[in-house]
Structure formats: C-alpha cells, structure tokens
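Enquirer: Based on what follows, work out the 3D shape:
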Amino acid sequence: MEIKELPKDFKNRMRDMLGSEYDDFMNSFSENTSYSGMRINNLKANSQNAIFELLGSLEKVKWCDNGFYADKSLISGKHPYHNAGLVYFQEPSAMSVVSVLPIKENDYVLDLCAAPGGKATAAAEKLNGTGLLVANEIVDKRSKILAENIVRMGISNAIVTNETPTHLAQKFPSFFDKIIVDAPCSGEGMFRKEEKAITEWSVEHTYSCAERQKKILDDAFTMLKQGGYLVYSTCTFAPCENEGIVEYILSKYEDVKLVPIENEELCDANAKWINSDADFSYAKRIFPHKLKGEGHFLALFKKVGDDKSVTKTMPKYIKSKEYRDFEKDFLNINLPERLISFGEKIFLLPDSIDIDKIKVTLAGLFLGCAKKGRFEPSHALALALTKNDFKNTIEVSCEDAKKYFEGQVLACDKNGWTVLLYKGYPIGWGKASGGILKNHYPKHLRY
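Expert: Next up is the predicted model:
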C-alpha cells in the first residue's frame with residue numbers, strides 16, 4: 001500500500017500529533033512491516049510444546065504470555081492443530097487488550113463487542129474453564145462466526161448472545177466482574193491491512209464512532225459490578241475516539257477511575273491531543289513505527305466502591321435420559337446437572353445465569369441432540385473434552401485427518417461413537433460399525 005493512498009486529512013492530523021515522529025510513522029505503512037500472529041490455546045494440554053515441535057521456536061509478542069509472531073501459512077486453517085483448537089490467529093496488537101485485564105478464575109466476564117472471537121477466547125483461557133463468559137455480537141451473522149470460534153477452541157463455559165448492549169444492560173445490571181469493550185471504531189490502525197478501512201474513512205466518521213462508543217460504554221458500566229474492571233480498546237489513532245472517550249468516562253462517572261496498565265512496552269496516551277489537562281498516561285497506545293503491531297489504544301478502568309449483591313435467577317434445568325445413557329456408554333466422565341434444552345438440542349449451562357428473553361446463539365456447551373430414544377453428540381462436545389474423557393478413540397495420521405475433514409469414511413475397529421485424535425487432540429466424532437467409521441465431521445466445516 002502506497003503512502004499517497006492515505007487520506008490527506010488523516011495525514012495532516014497525524015503530523016500534528018506526532019511531530020518529529022511523523023516520518024517514521026508514515027514509513028511504517030509498507031506491506032513488509034505488517035505483522036501477523038497467533039495465540040496458543042492454553043486450554044489444550046501441552047499445546048505450546050506441540051506447536052513449537054511443528055514450527056520451531058517463535059518470537060514472542062511481548063504483551064501477551066501465549067502470543068507469538070507467526071506466518072499463518074505454516075499452520076493454516078486446514079491443519080489438524082487448527083481444527084483441534086490449538087491456535088487462534090490474531091493481530092498482535094489486539095492481544096494486548098485481554099492481557100491487561102485482571103481476569104481471575106471464577107469471574108463473570110462479558111465481551112460486549114466480541115466477534116470474531118479473539119478477545120473472548122483469550123478471556124476464556126484466563127478463566128480456565130471456571131466462572132462464566134458472555135460473548136456478545138449484535139450482528140447475527142457475525143455472532144454465528146463467534147460461536148464457531150468458541151466451539152473450535154474447546155470452550156465450555158461461554159454463552160454467545162446476539163443482543164444490543166442496551167438490552168443486555170437491562171437484563172444484567174451490576175452483574176459482571178470484568179468487561180471487555182473493543183469498541184466499533186474508525187479503524188485507522190488497520191490501514192496497513194485493510195484497504196476498506198481507508199476508503200470508508202472520514203473526519204466525520206471518527207466523531208460518529210466516538211458518539212456510538214459513548215452509548216456502548218454507558219451500557220457497559222451499568223453491567224459492571226462495584227470493584228470490577230473494564231478495558232476499553234480501539235484499533236484507531238483518532239484522539240476523539242481514544243483520549244476523548246477516556247475524558248468522557250472520567251467526567252461522567254464519579255465511581256470510575258483510570259488505573260495503570262503495567263506494561264513498559266506500550267506508549268502513553270497523550271492528553272494534549274484533545275486539549276485536556278487531565279493525566280491520561282495510564283492509558284496506552286501501540287504505534288506501528290515503535291512496536292511490532294498495528295495501531296491500537298487501550299485504557300483500563302475500575303469501578304470503585306463496595307460490591308452490590310445481585311440476586312441470581314435460577315434457570316429451569318432438565319433431565320435427559322438420552323444424554324445420560326450416551327454418557328454412560330461412551331464417556332468416562334459425568335457432566336453436571338445444569339442441562340437445558342432448545343427443542344431436541346441439549347446444552348450444559350456454565351452457571352446459574354438467566355438467559356430468558358435474550359437472543360442466544362450458543363447457550364453454553366452444546367452437547368448434542370436427543371432424537372427419539374437416542375443421542376447424537378455434537379462437534380462441540382468432542383472439542384471441549386480431552387482424550388481420556390472418551391471411551392472410544394482412534395489416533396489418525398495427518399493424511400487420514402485430512403480425509404476426515406473432507407467427509408470421507410475411515411477404517412475403524414471400534415463400535416459406536418468414537419472420537420478421532422490427532423497427536424492426542426480430539427478433532428471430531430465418527431460412528432463405528434463393521435470396521436467402518438462413518439464420518440460425523442460437521443458438513444459446513446468440510447473442505
């Protein structure tokens with residue numbers, strides 16, 4: 001991408017902002033300095049060793065413990081490790097957001113603008129199978145992509161919603177311990193990677209984005225518990241969307257304070273860019289001429305004061321003989337009694353959360369379908385468990401794994417529902433009979 005393609009008004013503003021650094025900033029806009037990265041999923045046992053064995057040593061992303069710079073072509077979406085959920089491709093700067101949010105096990109976490117799922121899946125890794133993750137996406141199609149990534153990464157404690165922030169705020173006041181708001185923005189930080197971001201840019205658009213962000217954040221702070229933390233981020237350089245939003249929050253909410261982000265690698269925000277006397281040095285930026293990543297902004301807030309107790313409404317759990325019979329025959333574990341149903345679909349709800357009257361794309365761990373005296377397990381169940389949780393497994397080669405992903409049948413000496421493993425990692429179900437394993441890899445995922 002040539003520098004001359006960038007909007008004139010954008011370049012003039014960046015010149016005013018950066019001064020002597022402007023030339024270095026503009027020189028960073030070349031294709032060979034754009035970085036790609038991946039997170040190694042720590043929910044999968046020994047995943048880092050497996051990836052390093054495949055790819056060799058990788059350069060670490062300094063602000064993310066399990067983030068690395070990596071060429072996607074080396075482990076594409078067709079590789080068994082990708083389909084088994086060992087990796088998530090994510091822009092390196094975007095990895096900073098969840099890294100600075102102090103998520104603890106058993107927290108209730110909300111990712112309010114979650115698709116396609118990079119930050120939500122990172123939050124799930126910090127929860128380590130405990131607590132609750134609600135990942136929301138207002139656009140229906142994108143919420144389905146989000147749900148697919150939640151499933152692929154083997155996450156069992158997440159609910160994917162397809163709601164407006166306002167409706168969620170009405171449903172869940174003072175409910176979440178930690179909230180992620182990666183706000184819809186003007187996307188200036190992605191100019192090196194996305195030509196569409198350039199063609200859609202205008203000064204007016206940056207200000208309209210800022211107004212939209214204020215409304216989203218107002219709803220987000222309604223849902224944050226006293227004592228809870230909220231991280232706000234964008235992938236833009238525009239001060240009206242970054243420092244301007246921080247000033248808006250601090251001026252509106254007396255019980256919210258900006259807290260330090262402990263990372264010396266990141267650049268300080270700058271109050272002078274919005275003609276403010278406030279100290280915004282706790283908020284951080286990533287500039288592409290200084291760090292190996294695209295443009296990003298992040299600020300961490302804490303809602304001070306004593307926690308207000310919230311009464312939880314218990315959902316109506318069900319009994320499923322079909323599932324429990326399947327569990328007895330084909331699993332080595334017994335899942336909790338938090339089962340709910342939508343028609344023939346059976347889900348394991350992560351916790352006692354009331355999801356009545358909200359649009360839900362994924363209601364926890366999708367176990368499968370109860371069909372007239374029999375149970376058909378879901379792909380999500382295969383990816384959420386480990387090899388020792390299944391009674392029937394077969395280890396397949398890379399070549400046979402690819403045949404499986406194409407929908408082909410394989411030879412098998414087992415009987416009944418069987419999970420295929422690639423180097424010990426579950427990749428999906430088959431049903432074995434008469435020496436043949438019938439393929440149950442989801443048709444919409446097949447090559």
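Enquirer: Strands along the stretch 201-350 of the chain, start to end?
Expert: Under the criterion DSSP state E, counting those that start in this stretch, the stretch 201-350 of the chain contains strands at 224-234, 256-259, 267-268, 284-286, 296-303, 339-342, 345-348.
Enquirer: now those in TSV, with mean neighbour count and distance to residue 133?
Expert: Where you see a C-beta, it was placed from the backbone N, CA and C, and this is true even at glycine. Formatted as TSV, the strands of the stretch 201-350 of the chain follow (neighbours: other Cβ atoms under 10 Å; distance: least, Cβ to Cβ, whole Å):
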stretch	mean neighbour count	distance to residue 133
strand 224-234	22	14
strand 256-259	17	22
strand 267-268	14	30
strand 284-286	23	24
strand 296-303	25	19
strand 339-342	16	17
strand 345-348	21	14
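Enquirer: Of those, which shows the lowest average pLDDT?
Expert: Lowest mean pLDDT of the strands of the stretch 201-350 of the chain: strand 267-268, a mean of 92.
Enquirer: and of the strands of the stretch 201-350 of the chain, who's closest to residue 246?
Expert: Proximity of these to residue 246 was assessed by Cβ to Cβ; the nearest stretch is strand 296-303, lying at 5.2 Å.
Enquirer: How far does that closest one sit from its chain's centre?
Expert: 17 Å (Cα atoms, centre = their mean, to the nearest Å).
Enquirer: Run the angle between that strand and strand 224-234 for me.
Expert: 170 degrees (axes from the mean of the first three to the mean of the last three Cα atoms, to 10 degrees).
Enquirer: Provide the strand pairings for strand 296-303, with the direction of each partner.
Expert: strand 224-234 (antiparallel), strand 256-259 (antiparallel), strand 284-286 (antiparallel) (DSSP bridges).
Enquirer: And the longest one, how far out from the chain middle?
Expert: The one in question is strand 224-234. 16 Å.
Enquirer: Would you mind pulling the contact partners of the helix or strand encompassing residue 383?
Expert: In the assignment (DSSP states H and E), residue 383 maps to helix 379-384. The contact list for helix 379-384, computed with Cβ atoms under 8 Å, 6 or more residues apart in numbering, reads 84-85, 151-156, 365-368, 419, 426-429, 440-442, 445.
Enquirer: Looking at those residues, which are in strands?
Expert: 365-368, 419, 426-429 (DSSP state E).
Enquirer: Go through these and say which is closest to residue 53.
Expert: Distances from residue 53 to the ones in strands among the contacts of helix 379-384, taken by Cβ to Cβ, are shortest for residue 427, at 17.5 Å.
Enquirer: Residue 8 versus that closest one, what's the distance?
Expert: Residue 427 is 51 Å from residue 8, where distance means Cβ to Cβ, to the nearest Å.
Enquirer: okay, those two: which has more neighbours?
Expert: residue 427 (22 against 8; other Cβ atoms under 10 Å).
Enquirer: Tell me the confidence at the more buried one?
Expert: At residue 427, pLDDT is 98.
Enquirer: Show the contacting residues for it.
Expert: Here residue 427 is in contact with 80, 83-84, 382-383, 396, 401, 404-405, 420-421, 441 (Cβ under 8 Å, 6+ apart).
Enquirer: Output the residues you listed in a markdown table; the columns should cover distance to residue 37.
Expert: Below are the contacts of residue 427 laid out as a markdown table (distance: Cβ to Cβ, whole Å):
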| residue | distance to residue 37 |
| --- | --- |
| 80 | 21 |
| 83 | 19 |
| 84 | 19 |
| 382 | 27 |
| 383 | 22 |
| 396 | 29 |
| 401 | 25 |
| 404 | 28 |
| 405 | 24 |
| 420 | 29 |
| 421 | 27 |
| 441 | 28 |
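Enquirer: for the residues you listed, which one is nearest residue 67?
Expert: residue 84 (18.9 Å).
Enquirer: if I look at that closest one, how far off is residue 69?
Expert: Counting by Cβ to Cβ - residue 84 and residue 69 are separated by 22 Å.
Enquirer: ok, now residue 418?
Expert: Residue 418 is 37 Å from residue 69, by Cβ to Cβ.
Enquirer: cool, residue 364 as well?
Expert: From residue 364 to residue 69 the distance is 34 Å (Cβ to Cβ).
Enquirer: neighbour-wise, which of those two wins?
Expert: For residue 364 versus residue 69, neighbours defined as other Cβ under 10 Å are more numerous around residue 364 (25 against 15).
Enquirer: Distance of the more buried one relative to residue 320?
Expert: 14 Å.
Enquirer: Next: residue 33.
Expert: Distance from residue 33 to residue 320, by Cβ to Cβ: 54 Å.
Enquirer: picking up where we left off before, pLDDT averaged over the helix holding residue 383 - what is it?
Expert: 98.
Enquirer: Ok, stretch 392-412 next?
Expert: On average, stretch 392-412 scores 97.
Enquirer: which residues touch that stretch?
Expert: Contacts for stretch 392-412 (Cβ under 8 Å, 6+ apart): 78, 80, 83, 330, 387, 414-424, 426-428, 430, 432, 435-439, 441, 443, 445-447.
Enquirer: how about the strands paired with strand 296-303, which one is nearest residue 345?
Expert: The nearest among the strands paired with strand 296-303, by Cβ to Cβ, is strand 224-234 at 31.4 Å.
Enquirer: Restricting to C-alpha, output that closest one in PDB.
Expert: The C-alpha trace of strand 224-234 is given here as PDB (Å, rounded to 0.1, in the frame of the first residue of the first chain):
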ATOM      1  CA  LEU A 224     -20.100  -3.700  35.800                       C
ATOM      2  CA  LYS A 225     -20.000  -4.600  39.400                       C
ATOM      3  CA  GLN A 226     -18.600  -2.300  42.000                       C
ATOM      4  CA  GLY A 227     -14.900  -3.300  42.300                       C
ATOM      5  CA  GLY A 228     -15.000  -4.600  38.800                       C
ATOM      6  CA  TYR A 229     -12.700  -3.800  35.900                       C
ATOM      7  CA  LEU A 230     -13.500  -2.700  32.300                       C
ATOM      8  CA  VAL A 231     -11.000  -2.500  29.500                       C
ATOM      9  CA  TYR A 232     -11.800  -0.100  26.600                       C
ATOM     10  CA  SER A 233      -9.900  -0.500  23.300                       C
ATOM     11  CA  THR A 234      -9.900   0.600  19.700                       C
END
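Enquirer: For stretch 167-176, output the C-alpha coordinates as PDB.
Expert: C-alpha atoms of stretch 167-176 as PDB (Å, rounded to 0.1, in the frame of the first residue of the first chain):
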ATOM      1  CA  HIS A 167     -31.000  -4.900  26.200                       C
ATOM      2  CA  LEU A 168     -28.100  -6.700  28.000                       C
ATOM      3  CA  ALA A 169     -27.700  -3.800  30.400                       C
ATOM      4  CA  GLN A 170     -31.400  -4.100  31.300                       C
ATOM      5  CA  LYS A 171     -31.000  -7.800  31.900                       C
ATOM      6  CA  PHE A 172     -27.700  -7.800  33.700                       C
ATOM      7  CA  PRO A 173     -27.200  -4.700  35.900                       C
ATOM      8  CA  SER A 174     -24.100  -4.800  38.200                       C
ATOM      9  CA  PHE A 175     -23.500  -8.400  37.100                       C
ATOM     10  CA  PHE A 176     -20.000  -8.800  35.600                       C
END
